[in-house]
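>>> quick one, what's the 3D model for this:
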Amino acid sequence: QVQLEESGGGLVQSGDSLRLSCAASGGTFSNYAMGWFRQAPGKVREFVATITRSGASAYYSDSVKDRFTVSRDNTKNMVYLQMNSLKPEDTAVYYCAAGSLATKVRRQPDYWGQGTQVTVSS
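Numbers count the residues shown, from 1 in each chain. Sure thing, here's the model as predicted:
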């Protein structure tokens, strides 16, 4: 059983940057691909980014590509989401997720965190 805890959310202005962190425990971190999802008010949860177990490859949704960067530190059991050039439409609860493969995490993660709120004001 893997536990995930997000941190780093907050209120920022349009154009600002923010870095989210996700701490993993309860499993061998390097055995899991990791991902980020978000859910805006009144909308379904959507995929944001995923990173492979080694960190060698990452994949992004079109809406965040070229603005967000996912990374991981397998020595610290941490995954990060660097968000640049934030827009009001990025406002959402952001969730960390884990699964056996990056392709699986993108579709149906095995584990979820509780989420952290990101609010971008215009």
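
>>> wait, Trp112 sits on Tyr94?
No: if you go by Cβ atoms under 8 Å, Trp112 and Tyr94 don't touch, sitting 11.4 Å apart. Using the backbone N, CA and C atoms, a C-beta is placed for each residue, glycine as well.

>>> so for these two, which sits in the more crowded spot?
Neighbours per residue (other Cβ atoms under 10 Å) separate Trp112 from Tyr94, with Tyr94 holding more: 23 against 16.

>>> the helix or strand where the more buried one lies pairs with which strands, and in what direction?
Per DSSP states H and E: Tyr94 is located in strand 92-99. Here strand 92-99 has these sheet partners by DSSP bridges: strand 33-39 (antiparallel), strand 111-112 (antiparallel), strand 116-121 (antiparallel).

>>> any stretches of the protein with poor pLDDT?
Within the chain, no range satisfies pLDDT under 70.

>>> show me where it has its strands.
Along the chain, counting by DSSP state E, strands occupy 3-7, 10-13, 18-25, 33-39, 46-51, 58-60, 68-73, 78-83, 92-99, 111-112, 116-121.

>>> deepest in the core, which of these is it.
Mean neighbour count (mean count of other Cβ atoms under 10 Å) peaks for strand 33-39 among the strands of the chain, with a mean of 25.

>>> what angle do that one and strand 46-51 make?
160 degrees (axes from the mean of the first three to the mean of the last three Cα atoms, to 10 degrees).

>>> re earlier: got a markdown table for the strands of the chain, with distance to Val105 too?
As requested, the strands of the chain are exported to a markdown table (distance: least, Cβ to Cβ, whole Å):
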| stretch | distance to Val105 |
| --- | --- |
| strand 3-7 | 12 |
| strand 10-13 | 25 |
| strand 18-25 | 12 |
| strand 33-39 | 4 |
| strand 46-51 | 5 |
| strand 58-60 | 9 |
| strand 68-73 | 11 |
| strand 78-83 | 11 |
| strand 92-99 | 4 |
| strand 111-112 | 9 |
| strand 116-121 | 18 |
